[in-house]
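Visitor: okay, predicted coordinates and the sequence, questions at the end:
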Amino acid sequence: MNESNTKHILSIMVDNEPGVLARVVGLFSGRGYNIESLSVSEVDSDKFLSRVTIVTSGTKIIIDQIKAQLNKLIPVHNLIDISELNSFIGKELILIKLNVKKKSVSKIYEFIKKHGAEILFDNNGELIIEFSGTPSEISKMTTKLNKYNIIELTRSGLVSMALGTEYIKK
Amino acid sequence: MKKLTGARIVIEALIQENVEVIFGYPGGAVLPIYDELFKQKKIRHILVRHEQGAVHAAEGYARSTGKVGVVLVTSGPGATNTVTGLTDAMMDSIPVVCISGQVPTHMIGNDAFQEADIVGITRPCTKHNYLVKDVSKLGNCIHSAFYIAKNGRPGPVLVDIPKDIQTFETKYLGKKQMKSFSFYRPKIKPEISQIKKFVEYLTSAKKPIFYVGGGVINSGSKASILLKKLLKASQFPCTQTLMGLGAFPTSDKQSIGMLGMHGTYEANLAMHQSDLMICVGARFDDRITGKVSGFSPKSKKVHMDIDPSSFNKSVNADLLIQGDLTKILEMTLKIISEMKITFSKKKISNWWKQIEKWRSRDCLKYKKSSTIIKPQYALQRLDFLTKHLNPFITTEVGQHQMWAAQFLTFNKPKHWMTSGGLGTMGYGLPAAMGVQIAHPNELVIDVAGEASILMNIQEMSTIKQYRLPVKVFILNNHYMGMVRQWQELLHGNRLSESYMDSLPDFVKLAESFGATGLRVVKPSEVDDLIKEMIKIKGPVICDVVVDPKENCFPMIPSGSTHDKMLLGPNDKVEGEISEEGMVLV
């Protein structure tokens, strides 16, 4: 039996109805599973469908059980384990608010440009930076910006998609 | 098309679902529905005395008929009182639809009088639930609830209806117009390749065993017939779980009794030493497996279930067959006959010899007494004197439940109603009520303990009101017997809070509810008591005063494996029970 924990990205298509997120999250807390990150939003407004991406980790038995239990929820239409597919991309979005001394502003602009981030707001050195990337790129970005005065930051959960022809059915 | 009120739609939808009986209790937030109930004659309402009783009664009704049991309760406390019942139905996969009233939509979230977030509360203990906030969706919700409750692995579904929704009007299109379930379609038909592989396993086994669970009963009467055919063709031995009793006649020679914590010696050892285990609609529950790492180490395991979340949950199987058991068994028999397979009795003759040797240990034997009634004796006599009537048996939870499972005969499915997964004390009396409503002319017996029976004793009032001839057979040992047994065996005989002091006089209690009360204290009186109980047309409470010290054997102490059974009072738990075992329930 393989007892080692592995990280999995589950993409779940659900009915966008009240309480559906509580069902998904309640299943994790009630059965003692982990949620490392979660992101959810409506993706089809005609069919009222939302797509949930959950990053979780566990042994094979636990991951199989999580998937089986999720599939049992009535509003769950479909589920794929993206991390089990051949190749996929996973991105997060981060917003960072910085308070920078005037003399550093141009340095920041240069840095931002170099890394493909964007400045959304600038008021006398009070900056809001937007950046999207893989979780490790985002971590690197925050480490690099740490030497400046970070007022606050917020990160979305991971959203992920398989490459090629594999996709989640509605 | 005429517009109907929400309350009216509820009744119309129930009628379309062929509901004949509902169990309920009125209150402020369901008054419009009760008003509509008053105006019609197709649905009979049984007024319980506590909402938990309503759910257990609906469970008893559902389990003895195969139909969906229906419950109607008010908001707040009415709804929260159903939680134990719903959890019970969830654990034992019983189809129940519970309709609850709710405060009007504009009051929701306001901490209104008798408001409770019952959809939030019951989310983990129902298969699905609905809060209906739009009257135009009400009909659909109710029909969906029935569809979900009975399809796939059955379970309870709750529909919460705010009071204003019950009074709003809309067009009701009926069941046929219901939005179809394009996505909730449980897999019914198994893969033929799996069945072929299964048949291969069957033909090569030398020490096979069928391990049969409640899924067979849930799949319908046909599944039991097919299972019997397969067992007769193969001549393999069969053990049944607590939930599976009756799926195959327990009086048949091929039946080697119940397995698990209080299962028979032969069943548990056969499980332990088998080379092929065929799990038919059971779920490798911890009461069955004991210590998982030592569970049936040498066997190939085949697991058949309609619910794939049961697969590889605690025990890994070698062959998984997902589908409805009726279909699985049907296809298996078809392939066996198509391939003209005959089973060789010789191949398994040594296995049967071994099993007979185990069987000859007579693990259920107990020390007989002429002065004090042994609970086992009382049940043996009950079985002997009622068997010909094919009684419906319900139980409460504890020692008496295990003894009933061990000593009564179950030759037909749907005749045995017990709280298996949740272990709900207080289940048996209301469940018996539900069974009796469904089968008014049959003998229905609740085998009870004096502690459990007090947990829902108020339902005697319901029994009186509807003149239900339910028989309550209390094995009265003045203790919470199973708690006392564990304290004796595992906690140095410190009987902390397990003595039942200040018990009522059950004879007078019966009489106060218009029932007959009978009490016996001597073994010689037991037969007459049972004969009289059967003869009496109305409800009866029998207070059978039994040996307070008797323990339930065999027993596999928690954390142990099947080959480490305690067979009687002289067997001691080997050494100290491990810490790991101590924390198990």
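Guide: Arrived safely. On a predicted model such as this, the values are computed, not experimentally measured, just so you know.
Visitor: got the CA positions of the helix or strand encompassing residue B:279 in CSV?
Guide: With secondary structure defined by DSSP states H and E, residue B:279 is part of strand B:276-280. Written as CSV, here are the backbone C-alpha positions of strand B:276-280 (Å, rounded to 0.1, in the frame of the first residue of the first chain):
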residue,chain,number,x,y,z
LEU,B,276,-12.3,-16.2,-1.9
MET,B,277,-14.5,-13.7,-0.2
ILE,B,278,-17.5,-12.6,-2.1
CYS,B,279,-18.9,-9.4,-0.5
VAL,B,280,-22.5,-8.9,-1.8
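Visitor: contacts for that strand?
Guide: With CB atoms under 8 Å, 6 or more residues apart in numbering or on different chains as the test, strand B:276-280 has contacts from B:198, B:201-202, B:204-205, B:207-213, B:215-216, B:227, B:236, B:247, B:271, B:296, B:299-305, B:317, B:325, B:329. From N, CA and C alone the C-beta is placed, and that goes for glycine too.
Visitor: in PyMOL, how would I select just the buried ones from those residues?
Guide: For the buried members of the contacts of strand B:276-280, the matching PyMOL selection, counting by 16 or more other CB atoms under 10 Å in any protein chain shown, is:
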select buried, chain B and resi 198+201+202+205+207+208+209+210+211+212+213+215+216+227+236+247+271+296+299+300+301+302+303+304+305+317+325+329
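Visitor: so of the contacts of strand B:276-280, which ones are in strands?
Guide: Secondary-structure check on the contacts of strand B:276-280 using DSSP state E: residues within strands are B:208, B:209, B:210, B:211, B:212, B:300, B:301, B:302, B:303, B:304, B:305.
Visitor: what distance do you get for the residue in chain A that chain B sits nearest to to residue B:119?
Guide: Using CB to the nearest CB, the point where chain A gets nearest to chain B is residue A:68, with a distance of 3.6 Å. Separation of residue A:68 from residue B:119 (CB to CB, to the nearest Å) stands at 24 Å.
Visitor: show me which of those two is the more surrounded one.
Guide: In this view residue A:68 and residue B:119 are compared by other CB atoms under 10 Å in any protein chain shown, and residue B:119 has more residues nearby, 21 against 17.
Visitor: helix/strand/coil for the more buried one?
Guide: Here residue B:119 takes the helix state, with states given by DSSP: H, G, I helix; E, B strand; the rest coil.
Visitor: just give me the neighbour total for the nearest residue to it once chain neighbours are set aside.
Guide: When the adjacent residues along the chain are set aside, residue B:119 lies closest to residue B:131, with 4.5 Å between them (CB to CB, 6 or more residues apart in numbering or on different chains). One way to gauge burial is a neighbour count; for residue B:131, by other CB under 10 Å, it gives 22.
Visitor: one step back: tell me the mean pLDDT for the strand holding residue B:279?
Guide: Strand B:276-280 comes out with an average pLDDT of 98.
Visitor: so what strands line up beside it?
Guide: Strand B:276-280 pairs in its sheet with strand B:208-212 (parallel), strand B:300-305 (parallel), by DSSP bridges.
Visitor: what residues does the helix or strand following that strand touch?
Guide: Next along the chain after strand B:276-280, taking DSSP H and E as the criterion, comes helix B:286-289. Applying CB under 8 Å, 6+ apart, the external contacts of helix B:286-289 come out as B:211, B:241, B:242, B:259, B:260, B:261, B:282, B:292, B:295, B:314, B:315, B:584.
Visitor: and the residue of chain A closest to chain B, what does it touch?
Guide: For residue A:68, the contacting residues are B:308, B:309, B:311, taking CB under 8 Å, 6+ apart as the criterion.
Visitor: so for the last one, what's the nearest residue that isn't a sequence neighbour?
Guide: Spelled out, it's residue B:311. Spatial nearest neighbour of residue B:311, chain neighbours left out: residue B:320 (4.9 Å); criterion: CB to CB, 6+ apart.
Visitor: list the contacts of the closest residue to chain A within chain B.
Guide: With CB to the nearest CB as the measure, residue B:309 is the residue of chain B nearest to chain A, at 3.6 Å. When the contact criterion is CB under 8 Å, 6+ apart, the partners of residue B:309 are A:65, A:68, A:69, A:71, A:72.
Visitor: okay, stretch B:454-467 in PDB with CA atoms only?
Guide: Presented in PDB, the C-alpha positions along stretch B:454-467 are these (Å, rounded to 0.1, in the frame of the first residue of the first chain):
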ATOM      1  CA  LEU B 454     -37.300   4.100  27.800                       C
ATOM      2  CA  MET B 455     -35.700   6.300  25.100                       C
ATOM      3  CA  ASN B 456     -38.900   6.400  23.000                       C
ATOM      4  CA  ILE B 457     -41.500   5.000  25.400                       C
ATOM      5  CA  GLN B 458     -43.800   7.900  24.500                       C
ATOM      6  CA  GLU B 459     -44.700   6.100  21.300                       C
ATOM      7  CA  MET B 460     -46.800   3.700  23.400                       C
ATOM      8  CA  SER B 461     -49.300   6.500  23.200                       C
ATOM      9  CA  THR B 462     -49.300   6.400  19.400                       C
ATOM     10  CA  ILE B 463     -49.600   2.600  19.500                       C
ATOM     11  CA  LYS B 464     -52.700   3.100  21.700                       C
ATOM     12  CA  GLN B 465     -54.200   5.700  19.500                       C
ATOM     13  CA  TYR B 466     -54.000   3.600  16.300                       C
ATOM     14  CA  ARG B 467     -54.700   0.300  18.100                       C
END
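Visitor: tell me which strands the lengthiest strand in chain A pairs with, and in which orientation.
Guide: Ranked by residue count and defined by DSSP E, the top strand of chain A is strand A:88-99. Taking DSSP bridges as the criterion, strand A:88-99 sits next to strand A:126-133 (antiparallel), strand A:149-155 (antiparallel), strand A:159-162 (antiparallel) in its sheet.
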